[in-house]
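J.: sequence? don't have it. structure:
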Ligand code: ADP
Ligand code: MG
């Protein structure tokens, strides 16, 4: 099967996945699947295993038990990583201080190994321009990455993954450290990628309000999956059970800022 040709299928599947750090289960018997075209949010309190789940989905680590499949292929033998875009939580300090422009960071997404003439190949600049435009930072292309806001850095990282034309975009708390206006811009970009470009989005988020507004499907995890279904079917009780707090506090206090 050629994953690139598969459109109407499951992008990501966890089957009975347990992951242990030493003797501690970070995830226990987690099963869910993300269908092509979905905007899938993973929610859960700190330490609930969200980043571990992302690392497993990206094949950066392998399950202690169970199996992770990408586009129907076990993650351990999956080799079409160009189909999977990844946006980390924030740029790490070294990366954000690196004396590169926004355009250079985005162009870096095209890098596939040493190719002395690759940079000048036809089409490469166009796709970088298009990606900058899709995330709405084309005016910042020549600015130093260290001189733009955290929200704009996050959009540059999204653009960097878009140049490879992924079918699945995975984001680990992309809103962390981004101000309210920046967050709305970020979510609006993700919504457009999902609805207009048909990119499947898997977003880990602390922002319950945004998840309820943006996501089509939600998985709430606390080491194991405690809710999985359409976002509108999630009840106040499920949210309160997950976080151990009343719903109104969850939506209005500072709990969902990243710690
Ligand atoms: P989240 O992203 O939801 O905050 P993580 O996946 O980072 O959760 O962590 C899940 C659990 O695994 C936590 O209890 C955390 O302390 C533990 N953990 C994470 N990374 C490591 C590690 N490298 N070594 C040992 N334990 C870890
Ligand atoms: Mg995390």
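T.: Good, I have the coordinates. Not measured: the values here are computed from a predicted model. Ligands and ions are numbered 1, 2, ... in the order given.
J.: What backbone torsions are found at the nearest residue to residue 222 once chain neighbours are set aside?
T.: Distances taken as CB to CB, 6 or more residues apart in numbering put residue 48 closest to residue 222, at 4.6 Å, once the chain neighbours are dropped. Glycine gets a C-beta too; all of them are placed from N, C-alpha and C. Residue 48 adopts backbone torsions of phi -80, psi 0, taken as degrees, to the nearest 10.
J.: Around the spatially closest residue to residue 238 that is not a sequence neighbour, count how many other residues there are.
T.: Closest residue to residue 238 apart from its sequence neighbours, by CB to CB, 6+ apart: residue 227 at 4.8 Å. By the measure other CB atoms under 10 Å, the count of residues near residue 227 is 19.
J.: Does anything pack onto the helix or strand where residue 227 lies? Which helices or strands?
T.: Residue 227 belongs to strand 224-230 when assigned by DSSP states H and E. Secondary-structure packing of strand 224-230 (3 or more CB pairs under 8 Å, 6 or more residues apart in numbering; DSSP states H and E): strand 24-35, strand 217-222, helix 236-243.
J.: just checking, next helix/strand downstream of the longest one?
T.: With elements assigned by DSSP H and E, the helix or strand that comes after strand 24-35 is strand 39-43.
J.: count of neighbours near residue 232?
T.: 9.
J.: coming back round to it: unless I'm mixing things up, the residue nearest to residue 222 is touching residue 225, no?
T.: No: counting by CB atoms under 8 Å, residue 48 stays clear of residue 225, with 10.5 Å between them.
J.: neighbour count winner among the two?
T.: residue 48 (22 against 19).
J.: so how far is residue 13 from the more buried one?
T.: The gap separating residue 48 from residue 13 is 20 Å, by CB to CB, to the nearest Å.
J.: try residue 223
T.: 19 Å.
J.: Contacts only, for whichever residue of the chain sits closest to ligand 2.
T.: Nearest residue of the chain to ligand 2: residue 51, at 3.3 Å (CB to the ion). Residues near residue 51 by CB atoms under 8 Å, 6 or more residues apart in numbering: 89, 172, 204.
J.: same deal with residue 131?
T.: Counting by CB under 8 Å, 6+ apart, residue 131 has contacts 106, 109, 159, 160, 162, 163.
J.: Name the member of those with the most neighbours.
T.: Going by other CB under 10 Å, residue 159 tops the contacts of residue 131 with 31 neighbours.
J.: Could you pull up phi and psi at that one?
T.: Torsion angles, degrees, to the nearest 10, at residue 159: phi -60, psi -40.
J.: Next: residue 60.
T.: phi -80, psi -20.
J.: What is the burial count for it?
T.: The local packing of residue 60 (other CB under 10 Å) involves 11 other residues.
J.: Give me the pLDDT for it.
T.: At residue 60, the model reports a pLDDT of 92.
J.: and what of residue 232?
T.: The model's pLDDT for residue 232 equals 83.
J.: May I see the buried residues of the helix or strand harbouring the residue of the chain closest to ligand 2?
T.: Per DSSP H and E: residue 51 is located in helix 50-57. Buried residues in helix 50-57, counting neighbours by 16 or more other CB atoms under 10 Å, are found at 50, 51, 52, 53, 54, 56, 57.
J.: okay, the angle between that helix and strand 217-222?
T.: 120 degrees (axes from the mean of the first three to the mean of the last three CA atoms, to 10 degrees).
J.: Specify the angle between helix 50-57 and strand 39-43 in degrees.
T.: Using the same axes, to 10 degrees: helix 50-57 against strand 39-43 is 130 degrees.
J.: sorry, back to before: may I ask which of the contacts of residue 51 comes out lowest in pLDDT?
T.: residue 89 (76).
J.: Who is residue 18 paired with across the strands?
T.: residue 65 (DSSP bridges).
J.: A helix includes residue 155, no?
T.: Yes: Residue 155: assigned to a helix according to DSSP: H, G, I helix; E, B strand; the rest coil.
J.: ok, it - how many residues close by?
T.: 29.
J.: Which parts of the stretch 151-259 of the chain are strands?
T.: 168-172, 200-205, 217-222, 224-230 (DSSP state E, counting those that start in this stretch).
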